[in-house]
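Novice: Any chance you could fold what I've pasted below:
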Amino acid sequence: MDEFSHSGPSHLRRIDWDDAYHCRAVVASLVNGVYVMERDRQRGRQGSQALAPPWWEFFHFQLCHVLVDEVDSTIFGAVYKFVLPDRARNAPAYVIALRGVMLTPATSACDSKLVAMCVSNMLHRGSRFKSALGVVEHLLHSVRAPNVWLAGYALGAAILVLVGKKMARKNFALKTYLFNPPFMTVPLGRIKYRNLRDKLMTLARLLKAATAGALNPPKNEPLVHDKFEVLACWEPNLFVNPEDDLCSGYIGYFELRTLMELIGAGKVEMIAMQNSLINLARRDSDAESIDTLPTACLTTNLCPSPDFKLAHGIEQWWDNRTQCRSVLHRFLPKERKFEMIEMPPRHTQQGRGRKVVAKL
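Specialist: Numbering: from 1, shown residues only. The predicted model follows:
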């Protein structure tokens, strides 16, 4: 999957930055460019032999910075600059892209350690998070926030969730693309029997809310709520495959809001959705959960995936045969309500043509 001419979306000769598929395909290609850069480095492919440049140059981007892991010296991210003389309307000026795990001798040890940190909600203590955050903060000194986009896949997506949260709390709601972002709970949504699935998911929510109520002193509740609710202005784009157990939990996380409201447990849901069982068990106020989000546009791949490799693969997101469903799940802090907005198949990034299907 290294050669762009064979594997990439080379059919996209003209990019419409108001088209959701075009944006998704371009950004996923930029993320894949990080993978190919690291494989070029490992295999000694330099100059004309390097396979990575077409993954960004085809879309008129320039590589302006490479993020290198300070522990194993591998490439884990990149900063791309859009270089068309007359920058297209709604195109980003810069994209910060992070890769996920690579199972190679040069990368597996450090990447596996980061996976463990991800599971324990400790990614914010890792050097990659600090490097990515530093790059974003540096760019925002000279570039307006709407012109800086974040893009990550799997582990890289998890890191950028934390970066996005950090910047949202500073009033910078950055456009963010998260491909197959990990969800750190049992994927109950994969249970085929709907009644059993709904009961188990509701029970899990009730247990989480009860645990949060028992462990969090009432005097700390306003602080916890404020820290979570300030994120409502940030609308990251999440791309998940229902057959990928590493990310499919986001589907149930957002859809369960409707169910909880219907059974009269909206207040319980308010508590449950902003708490992580891992953080509650450790009583670590410094830990930051990657899978608690008040608002997100959730795009689900509706095409069947014959195996995990395809369900988890990044190439599905630039494949023009992929059929998707996108729903904006929005939390309204003032009204203390949730809103679901169904997006047309090729919806625009500016929100035209949105259809409200439920306001809870």
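
Novice: My guess is A93 contacts V148. True?
Specialist: Yes - between A93 and V148 there is a contact at 6.8 Å, judged by C-beta atoms under 8 Å. C-betas here are computed from N, CA, C, even on glycine.

Novice: Name the residue in those two with the higher neighbour count.
Specialist: V148 (22 against 17; other C-beta atoms under 10 Å).

Novice: right, and the more buried one touches Y94 too?
Specialist: Yes - assessed by C-beta under 8 Å, V148 is found in contact with Y94 at 5.2 Å.

Novice: okay, and the common contacts of those two?
Specialist: L139 (C-beta atoms under 8 Å, 6 or more residues apart in numbering).

Novice: mind listing what H11 touches?
Specialist: N320.

Novice: Could I get the buried residue list for stretch 290-306?
Specialist: 290-301, 305 (16 or more other C-beta atoms under 10 Å).

Novice: residue boundaries of the strands in the protein?
Specialist: Assigned by DSSP state E, the strands in the chain fall at 61-68, 75-82, 94-98, 148-153, 175-179, 237-240, 296-301, 324-332, 337-343, 355-359.

Novice: Any idea which of those strands has the lowest pLDDT on average?
Specialist: Sorting the strands of the chain by mean pLDDT places strand 355-359 lowest, at a mean of 42.

Novice: which residues in this structure form helices?
Specialist: For the chain, the helices defined by DSSP state H cover 4-7, 20-43, 54-57, 108-119, 127-139, 155-168, 194-215, 221-229, 249-262, 266-272, 277-282, 308-312.

Novice: Lowest mean pLDDT across these, which one is that?
Specialist: Across these, helix 277-282 gives the lowest mean pLDDT, at a mean of 54.

Novice: coming back round to it: looking at the buried residues of stretch 290-306, spot the one nearest D19.
Specialist: Using C-beta to C-beta, T299 is the member of the buried residues of stretch 290-306 that lies nearest D19, at 13.5 Å.

Novice: State the number of residues packed around the closest residue to the closest one other than its chain neighbours.
Specialist: Once flanking residues are discounted, T299 sits nearest to S326: 4.4 Å by C-beta to C-beta, 6 or more residues apart in numbering. Residues near S326, counting by other C-beta under 10 Å, number 21.

Novice: surely S326 meets M340?
Specialist: No - judged on C-beta under 8 Å, S326 makes no contact with M340 at a distance of 11.2 Å.

Novice: which ones are touching R125?
Specialist: Contacts for R125 (C-beta under 8 Å, 6+ apart) come out as M117.

Novice: how near is it to R321?
Specialist: Taking C-beta to C-beta, to the nearest Å as the measure, R125 falls 41 Å from R321.

Novice: Likewise for A158?
Specialist: Noted for A158: a distance of 28 Å to R321, by C-beta to C-beta.

Novice: Tell me which of the two has more neighbours.
Specialist: Each of A158 and R321 has its neighbours counted (other C-beta under 10 Å); A158 has more, 28 against 6.

Novice: Surely the more buried one is in contact with P182?
Specialist: Yes - between A158 and P182 there is a contact under C-beta under 8 Å: 5.3 Å.

Novice: what do the two both touch?
Specialist: Shared contacts of A158 and P182, counting by C-beta under 8 Å, 6+ apart, come down to C118, I290.

Novice: who touches the closest residue to P345 other than its chain neighbours in this structure?
Specialist: Closest residue in space to P345, ignoring its immediate chain neighbours: C324 at 7.2 Å, by C-beta to C-beta, 6+ apart. C324 is in contact with T299, T300, N301, L302, P345, counting by C-beta under 8 Å, 6+ apart.
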